[in-house]
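K.L.:
Return a 3D structure for these sequence lines:
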Amino acid sequence: MRLKIVMQYGFDEHNRFSEKHLKIKKFLKRELVYVPPETSIRKAAAMMHKNNVSSVVIMKNNVLLGILTDSDLRRLIAENFDLNKSVMEFLKLDLTEKKPLVTVESNESILAVLSKMLENKIKHTIVMERGKPKGIITLGDIAYDLGPFYMKYIIKLQRAKDIGEIKESMKEFKNAVKDQALKLVAESKDVSPVFFFEAISYVVDSAAKSLSRIIGEIPDGLVYAATGSWGRREQFLLTDRDTLAIYASENSEDLVSPVEEIEFHSYIEDLEGLMDIVGFPPCPHGYTAKKYLFSEDFLQNQIIEWAREPETNAVNISIIADARAILGDSTILERIKKTLIKKLHKDRFLMAHSLMYKPALNVLGRMVKSFNFKSGAVAPIEYPVRALSIINGITHPLSTYGRIKALEQKDILSHELASELLYSYSLIMRQKISLQIKAKSELNSSELTPIERNMLENALKTIKKFQDYVERNYV
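P.N.:
Numbers count the residues shown, from 1 in each chain. Sure thing, here's the model as predicted:
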């Protein structure tokens, strides 16, 4: 049960979830926004907009009279109510669906407050202290604090008004990821890394979308995609980014003019430059959309050429295979992937090349003492799983975990082998997290406990078993 909670919600129930016992006053984030009863409904709505809140309290001489919420406003507008009338007139209305005025005390627990709100079917409640309104608490406020840790950063990014706010949010998020990883790696030996990877990808996706909103929406006929570990939703720390951009081909319904091509290039330059600024650096090998910006027809022809020599062009093939649309017209990328799958169907050369990295085992089948973790543990499972997916027509999902499940569903992998691989992959990714926290790329097995060494060695043996299976049947 403990592991299930950690994996599902991303916090330790003994620490994070204990916040249900905190007093509600700890969750108040804003000053009380209120209006006197003679204020017009229209002016009250303007105040809500100005203060970026979803309700205002109606008070006179510090005496609480009621509350006006955004849902009340929607109903008043739908019923053509005169918005120039006072909020007091609104309080006098006999509305059958009008919610009761519910207040809570500032020293009540968050769990008690949440129960009261759910019981009364309300989204806002007024927090009282010493007989006077102290503030407003909403279901959104509670979800913001008690939900998965990454959600608050997505909300911050969605609300960001400039580059500085996005940069600050990304900086805070990096620190939060490290803190969560340190806690969970230390407290549980079986934590799935999927939560961390997905959390990072969702936040970085939101950052890219927020940057796009600030600089202007992506032009029609263009798709901007994440690839590599970001595309697969497998990036732990924001070490670097791999991206790809494609614009509609001349063979599509809408022809692309030279002016539009310049616009596409300019947009990608701006977006990629801002990604640098907010703290997500480019791939040091140059695999970013600044370099990988193609017209669709050119890329279609390139894939045909790459498929003739898949071993030589394995990197380019993997970039397309791992690509995931973030902004723009995703159908452009889907057409490219269809060509990739068609041209590499049952291709043994691509499959053979994916086995170039072997698990770090010696001739006796024992784990070597020290090795590069990416080439000795990560690549030996990620590369052949991706290649096996490509040659068998699997374009979604993109994660290694998801691909293994998809290969099992298509009976390409047995249930037994798929289960062993998933367990081994989880162990390897957890160790990858541990190394990246320490800024290490080499694993020294002497630093592991005997149990950890045994588990990791068995994981590498499973990968060896998988590679042998692939070599027998697909090479």
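
K.L.:
residue contacts, the residue nearest the centre of the chain?
P.N.:
Nearest residue to the geometric centre of the chain (C-alpha atoms, centre = their mean): Tyr202, 1.5 Å. Residues near Tyr202 by C-beta atoms under 8 Å, 6 or more residues apart in numbering: 150, 154. To be clear about C-beta, it is placed using only N, CA and C from the backbone, and glycine gets the same treatment.

K.L.:
Can you classify it by secondary structure?
P.N.:
Under DSSP: H, G, I helix; E, B strand; the rest coil, the three-state class of Tyr202 is helix.

K.L.:
Kindly state the pLDDT recorded for it?
P.N.:
Tyr202 is assigned 90 on the pLDDT scale.

K.L.:
Also Ile214?
P.N.:
90.

K.L.:
Can you give me the neighbour number for it?
P.N.:
Neighbour count for Ile214, taken as other C-beta atoms under 10 Å: 14.

K.L.:
How about the one 10 residues further on?
P.N.:
Here the count is done by other C-beta under 10 Å, and Tyr224 has 25 residues near it.

K.L.:
before we move on, what about Asn473?
P.N.:
Around Asn473 there are 10 residues (other C-beta under 10 Å).

K.L.:
which ones are touching it?
P.N.:
With C-beta under 8 Å, 6+ apart, Asn473 has no contacts at all.

K.L.:
quick check: domain ranges of the chain?
P.N.:
For the chain, the structural domains run 17-146, 151-337, 353-474, going by automatic domain parsing.

K.L.:
Turn those domains into TSV, including distance to Asp347.
P.N.:
Converted to TSV, those look like this (distance: least, C-beta to C-beta, whole Å):
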stretch	distance to Asp347
domain 17-146	47
domain 151-337	6
domain 353-474	5
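
K.L.:
for these, which one sits closest to Lys346?
P.N.:
Smallest distance to Lys346 across the domains of the chain (C-beta to C-beta): 5.4 Å, for domain 353-474.

K.L.:
so what pLDDT did Ser40 get?
P.N.:
At Ser40, pLDDT is 94.

K.L.:
Ok, Leu443 next?
P.N.:
Leu443 carries a pLDDT value of 96.

K.L.:
Can you get me a residue count around it?
P.N.:
The number of residues packed around Leu443, counting by other C-beta under 10 Å, is 24.

K.L.:
what does Ser115 give?
P.N.:
So Ser115, with other C-beta under 10 Å, has 12 neighbours.

K.L.:
now whichever strand or helix holds it, how far from the centre of its chain.
P.N.:
Using DSSP states H and E, Ser115 maps to helix 110-120. The chain centroid and the centroid of helix 110-120 are separated by 30 Å, computed with C-alpha atoms, centre = their mean, to the nearest Å.

K.L.:
next one: stretch 393-410
P.N.:
19 Å.

K.L.:
Contacts for it next, please.
P.N.:
By C-beta under 8 Å, 6+ apart, stretch 393-410 touches 194, 197, 231-234, 321-322, 324, 334, 337-338, 341, 345, 381-382, 385-386, 388-389, 392, 413-415, 418, 421-422, 425.

K.L.:
now do stretch 365-374
P.N.:
360-362, 376-377, 431-432, 435, 440-446, 453, 456-457, 460-461, 464.

K.L.:
Just the buried ones from these, in PyMOL syntax?
P.N.:
Filtering these down to the buried ones (16 or more other C-beta atoms under 10 Å) takes a single PyMOL command:
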select buried, resi 360+361+376+377+431+432+435+443+445+456+457+460+461
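
K.L.:
just the CA coordinates of stretch 294-306, formatted as PDB?
P.N.:
Included here for stretch 294-306 are C-alpha records, laid out as PDB according to Å, rounded to 0.1, in the frame of the first residue of the first chain:
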ATOM      1  CA  PHE A 294      12.600  20.000 -42.500                       C
ATOM      2  CA  SER A 295       9.800  20.300 -45.000                       C
ATOM      3  CA  GLU A 296       7.600  17.200 -45.000                       C
ATOM      4  CA  ASP A 297       8.400  16.100 -48.500                       C
ATOM      5  CA  PHE A 298      12.100  16.400 -48.000                       C
ATOM      6  CA  LEU A 299      11.900  14.300 -44.800                       C
ATOM      7  CA  GLN A 300       9.700  11.700 -46.500                       C
ATOM      8  CA  ASN A 301      12.400  11.300 -49.100                       C
ATOM      9  CA  GLN A 302      15.200  11.200 -46.500                       C
ATOM     10  CA  ILE A 303      13.400   8.400 -44.700                       C
ATOM     11  CA  ILE A 304      13.400   6.300 -47.900                       C
ATOM     12  CA  GLU A 305      17.100   6.900 -48.100                       C
ATOM     13  CA  TRP A 306      17.800   6.100 -44.500                       C
END
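
K.L.:
Centre of the chain to that stretch, how far?
P.N.:
Using C-alpha atoms, centre = their mean, the offset of stretch 294-306 from its chain centre is 30 Å.

K.L.:
so where is the chain shaky, pLDDT-wise?
P.N.:
Low-confidence segments of the chain, defined by pLDDT under 70: 1-21, 94-99, 184, 187-192, 249-256.

K.L.:
For it, just list every one of the strands.
P.N.:
Counting by DSSP state E, the chain has strands at residues 34-35, 55-60, 63-69, 103-105, 124-129, 132-138, 222-227, 242-247, 293-295, 324-328, 370-372, 442-444.

K.L.:
The fifth one pairs with which strands?
P.N.:
Strand 124-129 has these partner strands in its sheet, going by DSSP bridges: strand 103-105 (parallel), strand 132-138 (antiparallel).

K.L.:
and the gap between Leu364 and Asn454?
P.N.:
Computed as C-beta to C-beta, to the nearest Å, the Leu364 to Asn454 distance reads 15 Å.

K.L.:
Of the two, give the one with the bigger neighbour count.
P.N.:
The residue with more neighbours, out of Leu364 and Asn454, is Asn454; 12 against 5, by other C-beta under 10 Å.

K.L.:
Okay, buried residues for stretch 81-100 please.
P.N.:
81, 86-88, 90, 99.

K.L.:
Which pair of the residues you listed spans the longest distance?
P.N.:
The span of the buried residues of stretch 81-100, defined through C-beta to C-beta, is set by Ser86 and Lys99 at 19.8 Å.

K.L.:
still on that earlier bit, closest one to Glu471 among the strands of the chain?
P.N.:
strand 370-372 (21.2 Å).

K.L.:
Would you list the strands that the closest one pairs with, along with their directions?
P.N.:
strand 442-444 (antiparallel).

K.L.:
just how off-centre is the strand it pairs with within its chain?
P.N.:
In terms of C-alpha atoms, centre = their mean, the centre of strand 442-444 is found 29 Å from the chain centre.

K.L.:
How about residues contacting it?
P.N.:
369-373, 376-377, 431, 435.

K.L.:
swap the cut-off to 6 Å and go again
P.N.:
The contact list for strand 442-444 (C-beta atoms under 6 Å, 6 or more residues apart in numbering) reads 370, 372-373.

K.L.:
Quick one, which of those are buried?
P.N.:
Phe373.

K.L.:
quick revisit: now do the helix holding Ser115 and strand 124-129, the angle between them.
P.N.:
For helix 110-120 against strand 124-129, the angle by axes from the mean of the first three to the mean of the last three C-alpha atoms, to 10 degrees is 140 degrees.

K.L.:
Contacts made by helix 110-120 with the rest, please.
P.N.:
20, 22, 24, 100, 102, 104, 125, 142.

K.L.:
again, 10 Å this time
P.N.:
Under the criterion C-beta atoms under 10 Å, 6 or more residues apart in numbering, residues 19-27, 99-106, 108-109, 122-125, 127, 137-139, 141-143, 145-146 lie in contact with helix 110-120.
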